[in-house]
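Peer 1: Coordinates for the following, if possible.
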Amino acid sequence: MSSPIGSKRNVKIFVLYLMENINNPLDRITINDIVMQTDYVMYLDFAESFNEMLDRLIEVVGKSKEGDELYAVTSRGRLVADELKSDIIDSILHQSLVAAFRYLDFKHREVKVSCRSEKEADGTYTVYFSLTEKGKVLCSSQLNVDSYRRAERIKQYMHDNPEVIYRGMHTLFTGNVDFIFK
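Peer 2: Next up, the predicted model:
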C-alpha cells in the first residue's frame, strides 16, 4: 500500500469512519471524492479496499435519482469503525471529515463550476473561473498564465476542487492569510 495513512486496514477504517459519520447513503464516486479530499488515501488503495468491504462492512442500500447504487455502512462496519478508529490519528480523522462535509455541501447545494480559457494575442492564456448557485455568482475570477498546459492544469484543478478555490479566495479576501507571509 502506498497511501500516507498506512496499511490497507487503515484505509478501510478511514473509509468506514467517514461514511459512518456522514451517515447518509452515497454513490461510489462521491465516496471516492470525499476520501480523496485530504490526500491521505491513494485512489488504487481506495478502490481495492472498497471492493473488499462490500457486503460485509459496506452494503448497497438503494439507487440514486441517476440510477447509481447507494452505499451505507453495515452494523458490522459501524462496529469496526468505532472500535478501530483510534488506530488513526484523531486530527487526520477530524480534518478529513471536515473536508468531506465541505465537499458534500458544495455538491448538495448544486454549485455549478464554469471554467474556460482563451488564448491572448501575446501567446498567453486567460483562465476564467466562476461558481454559481441558483443563478447567483458566488465568486468569479480570471488569471493570465504563460502556457496552454498551465491553463489546462488550472482549469482541471478548478473543476475538481471548486470548494478549495472558494475557501482560498474567501480566506485571501478576508485577510486570514498569515500562513502565507510567515
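Peer 1: Spatially nearest residue to the most centrally placed residue in the chain (excluding sequence neighbours)?
Peer 2: The centroid of the chain falls nearest to Gln37 when counting by Cα atoms, centre = their mean (3.5 Å). Excluding its sequence neighbours, the residue lying closest to Gln37 (Cβ to Cβ, 6 or more residues apart in numbering) is Ala99, at 3.8 Å. C-beta coordinates here come from the backbone N, C-alpha and C atoms, glycine included.
Peer 1: buried sites along stretch 4-14?
Peer 2: For stretch 4-14, the neighbour count (16 or more other Cβ atoms under 10 Å) marks 5-6, 10-14 as buried.
Peer 1: try stretch 33-43
Peer 2: 33-38, 40-42.
Peer 1: now do the same end-to-end measure for that stretch.
Peer 2: One end of stretch 33-43 sits 9 Å from the other (Cα to Cα, to the nearest Å).
Peer 1: Residue numbering should commence at 13 henceforth.
Peer 2: Yep, numbering from 13; the last one is stretch 45-55 now.
Peer 1: Please state the offset of that stretch from the chain centre?
Peer 2: Centre-to-centre, stretch 45-55 and its host chain are 7 Å apart (Cα atoms, centre = their mean, to the nearest Å).
Peer 1: Surely Glu64 and Lys24 touch.
Peer 2: Yes - if you go by Cβ atoms under 8 Å, Glu64 and Lys24 touch, sitting 7.3 Å apart.
Peer 1: mind listing the helices for this protein?
Peer 2: Along the chain, the stretches classed as helices by DSSP state H are 20-34, 40-48, 55-65, 87-96, 102-120, 160-172, 174-186, 190-193.
Peer 1: Distance of the residue nearest to Gln49 relative to Arg162?
Peer 2: 26 Å (Cβ to Cβ, to the nearest Å).
Peer 1: same question, Asp51
Peer 2: Counting by Cβ to Cβ, the gap from Asp51 to Arg162 is 21 Å.
Peer 1: which outside residues touch stretch 92-109?
Peer 2: For stretch 92-109, contacts defined as Cβ atoms under 8 Å, 6 or more residues apart in numbering pick out 17, 21-22, 24-26, 28-34, 47, 49-50, 52, 69, 85.
Peer 1: Relative to Ile43, how far out is the residue lying closest to Ser129 once chain neighbours are set aside?
Peer 2: Excluding its sequence neighbours, the residue lying closest to Ser129 (Cβ to Cβ, 6+ apart) is Ala163, at 4.2 Å. Note on Ala163: its distance to Ile43, by Cβ to Cβ, is 31 Å.
Peer 1: for Pro37, same thing?
Peer 2: Pro37 sits at a distance of 10 Å from Ile43 (criterion: Cβ to Cβ).
Peer 1: cool, and Gly180?
Peer 2: 25 Å.
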